[in-house]
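**Student:** Here is a sequence together with a model predicted from it:
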Amino acid sequence: MISALITSLRVLNELLTAGIAITAFSLLLYALSFNLRDRVTRSFSLILTCVVVVFVCDAIGAVSTSPRELEIWLKLQWVGIVFLPAGYLHISDALLATTGKPSRGRRRLAVRLAYAISAIFLLLLPFGLLVGRLVENGAPAPHLERSLATWIFTLYYTASMLLAGVNFVRAFRRTVTSAGRRRMIYLIIGALAPALGSYPYLLFGSGIAARHQLTFWIAATLSNLMVSVLLVVMAYAVAFFGVSWPDRVVKRRLFKWLMRGPVTASTVLAITTLIRRGGQAFGLEYPAIVPVVMTASILIMEHLITLAAPLWERWLFHGGDRNDIELVQRLEERLLTMADLRQFLESVLAATCDRLQTSTGFLMALGNNGNEMLITIGDNKSLEKEDLAGELLEQVSNESAGERLFAWGDYWLVPLYTQREENNSLLGLLGILRNPGLTLDEEQSEALAILARRAAMALEDRLTQQEVFTSLEALAPEVEFIQKLRAATSYRGEESVSEVLTSEALPGPFGDNDLAGWVKDALSHYWGGPRLTHSPLIKLRVVQQALAEHEGNPTNALRAILRRAIEQVRPEGERRFTGEWILYNILELKFLEGRKVREVAMRLAMSEADLYRKQRVAIEAVANAILEMEKQATEQDGLALDLKAIHTNHQQTGWA
């Protein structure tokens, strides 16, 4: 009974050893993939590398068939063991630096000295000085003999781990945020696993273990269980270093990584091993069912993870923000891309052509960069004119706003307006080649109106999505900054937190936003008005320098600077009404020529909503141009002051 229990514990211990090796290797890949730029993560990667070496050699040695092969693997195991002390000193130093206590030279020197000492012990390994020969029949398991160097290394190992532990405690005391202290506790507890679980204690306790084999294997199994769990705990704590993702993203990504990596691989390995051992009990060295079960286990595990992932993410990681996150996820799944829009509109246009018994049609959208012919069916060569959009929109503007269908040359035109009552803006045009032998009755007109509404709905949805994306793009820098600031302050001390919070200004300084607002106000009264004559822009150096050219009139000087900035937005070449000229044309038509919004939108073949968005971009471009001119003016004034000071100094010293 006891013998069978010991055998079962040995098999379980072998599986756990292999599982630890798999888990450590998977976590090492995770660290190398996501946050290797952080110093704590890099030092943790060195510890994981040592753990991988130790447990891979242990797992392979456990199934070795010859004493010579077993001895080689047990000695290779020491390649990872000898560098663990240096790795722990390294990560403890990095933790203290992260909490605002950088090394003043002593800790850094201690880390380098530890790596040098570890390298010296490694050089002793091939000569049989660090550890002795293999005790092949040693109970309860084969092990290496100890030597004098083994005693010395053990003292070095213990002293290094104690020193690293002291640094861990110092780092914990310097952490002020509750989340940072909690994760620091996880890190300290998790750090016990590689330190205690990697050392081969049979070097010193083989006699006691031989007399109490059942106790030894129970302790070894519990130790490996502890190592496998605490290794994940340590990796969880380190996963938050060096990244600016929200906590839920870090947790979700690490959990999914563990499920698809260590959990799947360890489960498949355990099932395969049990089947192979069961086959050997019946005299089958390698049952044919082993590869079948292995493949099926991998597929089933991956399938279960895919099905269960939305459930555990919803209940474990979303918390009280579940509704907001689910809304974003639904937006991602139901996003109407440009390819989706074209596909839908093509089906609408095809249905329209079938309904009116014609083979030629087109659908034009008014977008951010002017008109765009989204879909064409049949022979539309007559539409390939440079200023076609202008002609079509002029035709639409001349018709009554309530008209749903009117003739234009050989085509029926259906204007596509927004479906919102408060904003009846033009989104595009649906054109169908007229069939001379067909007269539209009431039923066909109603069907055409329904199809047109569906096309307009798709264009409006796409436009709404673009507005959302524009908002997200504007919000992204601030959100990224806040996330980085949140991550940077997690483990800092009180003084360091204050330094982080005050060391960097928010992106998009308020001065730049004010400048764009002042430029917009001044342009709106370009030909006269209080927003131009009393504009704060008059105080700019570049405007003051232009006063001499305009007889001391600040209004004319500012108007000239605005005109010069607009000219810097102008592309090279002859003026055209194409996409690259959109910004300049808006500035020219809207502000310099003073045309109305609807008139400008019609002339540029774009909706009013698009016009306002592009107008904001154009004003920002003018503001940036003025800002560059102001910098140049400041540099010129500084140079003039320097030259004046030099000249004055020369006069005073008699050099002039």
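**Tutor:** Yep, it's here.
**Student:** C-alpha only now, for contacts and for neighbours.
**Tutor:** OK.
**Student:** What ranges does the stretch 101-250 of the chain have for its helices?
**Tutor:** 106-124, 148-174, 178-197, 202-211, 213-238, 247-258 (DSSP state H, counting those that start in this stretch).
**Student:** What residues sit buried inside the longest one?
**Tutor:** Applying a neighbour-count criterion of 16 or more other CA atoms under 10 Å, one finds 149-150, 153, 156-157, 160-161, 164-165, 167-168, 170-172, 174 buried in helix 148-174.
**Student:** again with the first one
**Tutor:** By neighbour count, with 16+ other CA under 10 Å as the criterion, the buried positions of helix 106-124 are 107-108, 110-111, 114-115, 117-118, 121-122.
**Student:** The third one now?
**Tutor:** Within helix 178-197, the residues that qualify as buried are 180-181, 183-188, 190-195, 197, counting by 16+ other CA under 10 Å.
**Student:** That one to helix 213-238, inter-axis angle?
**Tutor:** 150 degrees (axes from the mean of the first three to the mean of the last three CA atoms, to 10 degrees).
**Student:** Now do the same for helix 178-197: mean pLDDT, whole number.
**Tutor:** Average pLDDT, helix 178-197: 89.
**Student:** most centrally placed residue in this structure?
**Tutor:** Nearest to the geometric centre of the chain sits residue 245, at 7.5 Å (CA atoms, centre = their mean).
**Student:** and that residue, how far is that from residue 255?
**Tutor:** Between residue 245 and residue 255 the computed distance is 15 Å (CA to CA, to the nearest Å).
**Student:** how about residue 211, what does it touch?
**Tutor:** By CA atoms under 8 Å, 6 or more residues apart in numbering, the contact set of residue 211 is empty.
**Student:** neighbours around residue 14, how many?
**Tutor:** Around residue 14 there are 22 other residues, counting by other CA atoms under 10 Å.
**Student:** lowest average confidence, helix or strand, in this structure?
**Tutor:** helix 494-503 (a mean of 54; mean pLDDT, DSSP states H and E).
**Student:** any idea how far the residue nearest to the centre of the chain is from residue 27?
**Tutor:** 18 Å.
**Student:** for residue 373, same thing?
**Tutor:** For residue 373 relative to residue 27 (CA to CA), the value is 51 Å.
**Student:** Equivalent analysis for residue 431, please.
**Tutor:** 59 Å.
**Student:** Mean confidence (pLDDT) on stretch 222-230, please.
**Tutor:** 93.
**Student:** low pLDDT regions in the stretch 501-650 of the chain?
**Tutor:** 501-514, 577, 637-650 (pLDDT under 70).
**Student:** And the contacts of whichever strand or helix holds residue 586?
**Tutor:** Counting by DSSP states H and E, the element that carries residue 586 is helix 582-586. By CA under 8 Å, 6+ apart, the surrounding residues in contact with helix 582-586 are 369-370, 566-567, 569-571, 577, 600, 604, 611, 614-615, 617-618.
**Student:** In CSV, list the C-alpha atoms belonging to that helix.
**Tutor:** C-alpha atoms of helix 582-586 as CSV (Å, rounded to 0.1, in the frame of the first residue of the first chain):
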residue,chain,number,x,y,z
ILE,A,582,-9.6,70.8,-49.2
LEU,A,583,-8.1,72.7,-46.3
TYR,A,584,-7.0,75.7,-48.3
ASN,A,585,-10.2,75.9,-50.3
ILE,A,586,-12.2,75.9,-47.0
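**Student:** In three-state terms, label residue 416 for me.
**Tutor:** strand (DSSP: H, G, I helix; E, B strand; the rest coil).
**Student:** what's near enough to touch residue 262?
**Tutor:** Taking CA under 8 Å, 6+ apart, one finds 19, 22-23, 26 in contact with residue 262.
**Student:** can you check residue 353 too?
**Tutor:** 359-361, 432.
**Student:** Now do the SS call for it.
**Tutor:** Per three-state DSSP, residue 353 ends up helix.
**Student:** Show me how the record splits the chain into domains.
**Tutor:** 2-244, 249-332, 338-464, 510-653 (automatic domain parsing).
**Student:** Pick out the shakiest of those domains, pLDDT-wise.
**Tutor:** When I compare those, domain 338-464 is least confident, with a mean of 75.
**Student:** Could you tell me the end-to-end distance of that domain?
**Tutor:** Span of domain 338-464 from end to end, CA to CA: 13 Å.
**Student:** and if you look at stretch 253-265?
**Tutor:** So stretch 253-265: terminal residues 18 Å apart, CA to CA.
**Student:** which parts of that stretch are buried?
**Tutor:** 254-265.
**Student:** ok, now how distant is the nearest residue in space to residue 193 that is not next to it in sequence from residue 253?
**Tutor:** Spatial nearest neighbour of residue 193, excluding adjacent residues (CA to CA, 6 or more residues apart in numbering): residue 227 at 4.6 Å. Remark: distance between residue 227 and residue 253 (CA to CA) = 22 Å.
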